[in-house]
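Visitor: Sequence and predicted structure are below.
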Amino acid sequence: MSNVRVRFAPSPTGFLHVGGARTALFNWLFARHHKGTFILRIEDTDRTRSTDEAIDQIIASMRWLGLDWDEFYRQTDRVEIHRRAAAELLRRGAAYEADGAVWFRVPKDGVTVVEDQLAGQVQFQNRELKDLVILRSDGTPTYNFACVVDDRDMGITHVIRGDEHLNNTPKQLLLYRALGWDPPIFAHIPLILGPDKTKLAKRHGALSVLEYRRRGILPEALVNFLARLGWSHGDQEVFTRDELIAFFDLDDVGTSAAVFDEQKLLWLNHEWLRRIALPRLAAFLAEFVVVEGVATPDAVAALGEARLLRAAELLRDRSRTLVEMAQSARFLFPGEVPLPEDDRGLFTPELAPALARLAEVVAAVTDPSPAALEAAVRGALAALGLPLKAVALPMRIAVTGSRVGPGLFDVLALAGPEIVAARLRAAATRCRERTER
Ligand code: GLU
């Protein structure tokens, strides 16, 4: 197949949500797979509902997802073309004027058959379709009409869009026929449902694309996730962009509704956090640490490139989102880390001398490598006659505020001797205070 021309045609009435993003992605993948053309067409002829802010958001979302377009149109720039087509329908007697609007006359009998590449053959009784306003009294075209005129004018070969538009297709086919034009191929992709099998809505956690970005989802993960909403390729779950382009075709788009599972998105995001290049991950970490209020830009700069990279490398295995990752990086920065209430009991008076001694030896370490810190800690413990396991957990919790994380000495090296010593000293004090109570 060649000369494939497809379009994503959002109405800029709100943010780009996951359903729309999936439609955009399927069109983009289809175009890239067939080395065709992908068009972004903003359907803004309903001036009461369209906003420039929504257009900006849609464009920002597409850019973030990496869905680049080859041609861009705003439907309002094309109103003259729509009006000319309406005049042609009037001339042919297929349209009439009433109440200041132009109406398309729908045949009163017969059937209109949609040959859908995915839904198969769907028949519509013409008598159930009503005459249709094509130009409003303010002269603006309505969706069904502008869509047909533009799809024709832009040479669209395949209309790939959500199932909810299947009911519009017979009207559009009748318009094509009345204008003497051949229709494109239609492919209506199945609905997305929430886990409870009702139509996907906000309450299922389905959000705007940019909200997923804010929550620390990687574009790779969201693209991967959206691709699998209704499309599959064997048992494979993790796909690179190049693999998606190579494998995607309409033949593998299912005909039953896809279920939106946010846990799966988090799983995929975890997979992608482990796969992207480390410098890029480190840059994301730096960004999210600041945005999440974990540290100031100055504190991030003070950390230095090498430690930031090392932190990203060590923390990525344990995080599902960039937000989680940023929060787990709190211990890298000066200041207190909150101790979990349940773990306070670990800090017994008996532990105070050991923690105080460890603070001293760590403070004296000049080479902040994991090996040097390990040698210092083990040396001090041997002198005290204590095994590492007697202090490892309280140490980790004192330094990071958490029971889990990378290896203990990696953690100490990441935080650096100064911060570690300060937190161990504070922990020793806390242990002693328990005696006084
Ligand atoms: N503007 C329509 C929408 O946002 C486009 C439908 C179509 O692709 O034809 O739903």
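Guide: On my side now, so go ahead.

Visitor: Ramachandran coordinates for Gly110?
Guide: Backbone torsions of Gly110, given as degrees, to the nearest 10, read phi 90, psi 180.

Visitor: Tally up the residues packed near it, please.
Guide: A total of 11 residues lie near Gly110 under the criterion other Cβ atoms under 10 Å. (C-beta placed from N, C-alpha, C; glycine too.)

Visitor: repeat for Val399
Guide: Count around Val399 with other Cβ under 10 Å applied: 24.

Visitor: Then Leu268?
Guide: Leu268 has 23 nearby residues by other Cβ under 10 Å.

Visitor: Also Lys130?
Guide: 10.

Visitor: For the residue of the stretch 51-200 of the chain found nearest the ligand, which non-adjacent residue is closest in space?
Guide: Relative to the ligand, the nearest point of the stretch 51-200 of the chain is Arg161 (3.6 Å; Cβ to the nearest ligand atom). What sits nearest to Arg161 in space, not counting adjacent residues and going by Cβ to Cβ, 6 or more residues apart in numbering, is Thr23, at 5.8 Å.

Visitor: Surely the residue of the stretch 51-200 of the chain closest to the ligand touches Pro190?
Guide: No: Arg161 is not in contact with Pro190 according to Cβ atoms under 8 Å; the separation is 11.6 Å.

Visitor: who has more neighbours, the two?
Guide: Taking neighbours as other Cβ under 10 Å, Arg161 and Pro190 compare with Arg161 leading, 23 against 17.

Visitor: wait, is that one part of a helix?
Guide: No: counting by DSSP: H, G, I helix; E, B strand; the rest coil, Arg161 is not part of a helix but strand.

Visitor: how far away is it from Ala9?
Guide: Separation of Arg161 from Ala9 (Cβ to Cβ, to the nearest Å): 8 Å.

Visitor: try Leu358
Guide: 64 Å.

Visitor: what's the answer for Leu200, then?
Guide: For Leu200, the distance to Ala9 - Cβ to Cβ - is 20 Å.

Visitor: Could you do Thr321 as well?
Guide: Applying Cβ to Cβ to Thr321 and Ala9 gives a distance of 31 Å.

Visitor: Neighbour count for the two, which is higher?
Guide: Counted by other Cβ under 10 Å, Thr321 and Ala9 do not tie: Ala9 has more neighbours, with 26 against 20.

Visitor: just checking, Val133 touches Thr142?
Guide: Yes: taking contacts as Cβ under 8 Å, Val133 lies within contact range of Thr142: 5.4 Å.

Visitor: For burial, what's the neighbour tally of the closest residue to Gly93 other than its chain neighbours?
Guide: Ranked by Cβ to Cβ, 6+ apart and with sequence neighbours excluded, the top spatial neighbour of Gly93 is Arg105, at 8.0 Å. Neighbour count for Arg105, taken as other Cβ under 10 Å: 14.

Visitor: how many other residues sit next to the residue nearest to Ala392 when sequence neighbours are not counted?
Guide: Spatial nearest neighbour of Ala392, excluding adjacent residues (Cβ to Cβ, 6+ apart): Leu408 at 5.7 Å. Other residues lying near Leu408 total 20 when counted by other Cβ under 10 Å.

Visitor: likewise Gly405?
Guide: Count around Gly405 with other Cβ under 10 Å applied: 19.

Visitor: How about the contacts made by it?
Guide: Leu315, Arg318, Ser328, Arg396, Val411 (Cβ atoms under 8 Å, 6 or more residues apart in numbering).

Visitor: and those as JSON lines, adding distance to the ligand, pLDDT and neighbour count?
Guide: As requested, these are exported to JSON lines (distance: Cβ to the nearest ligand atom, whole Å; pLDDT from 0 to 100; neighbours: other Cβ atoms under 10 Å):
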{"residue": "Leu315", "distance to the ligand": "39", "pLDDT": "97", "neighbour count": "22"}
{"residue": "Arg318", "distance to the ligand": "39", "pLDDT": "93", "neighbour count": "15"}
{"residue": "Ser328", "distance to the ligand": "39", "pLDDT": "95", "neighbour count": "23"}
{"residue": "Arg396", "distance to the ligand": "51", "pLDDT": "97", "neighbour count": "21"}
{"residue": "Val411", "distance to the ligand": "49", "pLDDT": "97", "neighbour count": "21"}
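
Visitor: Between all of those residues, which two are separated the most?
Guide: Leu315 and Arg396 (14.4 Å; Cβ to Cβ).

Visitor: what does the stretch 101-250 of the chain put close to the ligand?
Guide: Taking Cβ under 6 Å from any ligand atom, the part of the stretch 101-250 of the chain that reaches the ligand is made up of Tyr143, Cys147, Arg161, His165.

Visitor: And the most centrally placed residue in the chain, what's its pLDDT?
Guide: The centroid of the chain falls nearest to Leu222 when counting by Cα atoms, centre = their mean (4.0 Å). pLDDT recorded at Leu222 is 98.

Visitor: Next, it: secondary structure please.
Guide: Leu222 is classified as helix under three-state DSSP.

Visitor: State whether it and Tyr212 are indeed in contact, as I suppose.
Guide: Yes: the criterion here is Cβ under 8 Å, and Leu222 meets it with Tyr212 at 5.5 Å.

Visitor: okay, and the common contacts of those two?
Guide: Going by Cβ under 8 Å, 6+ apart, residues that sit against Leu222 and also against Tyr212 are Leu265.
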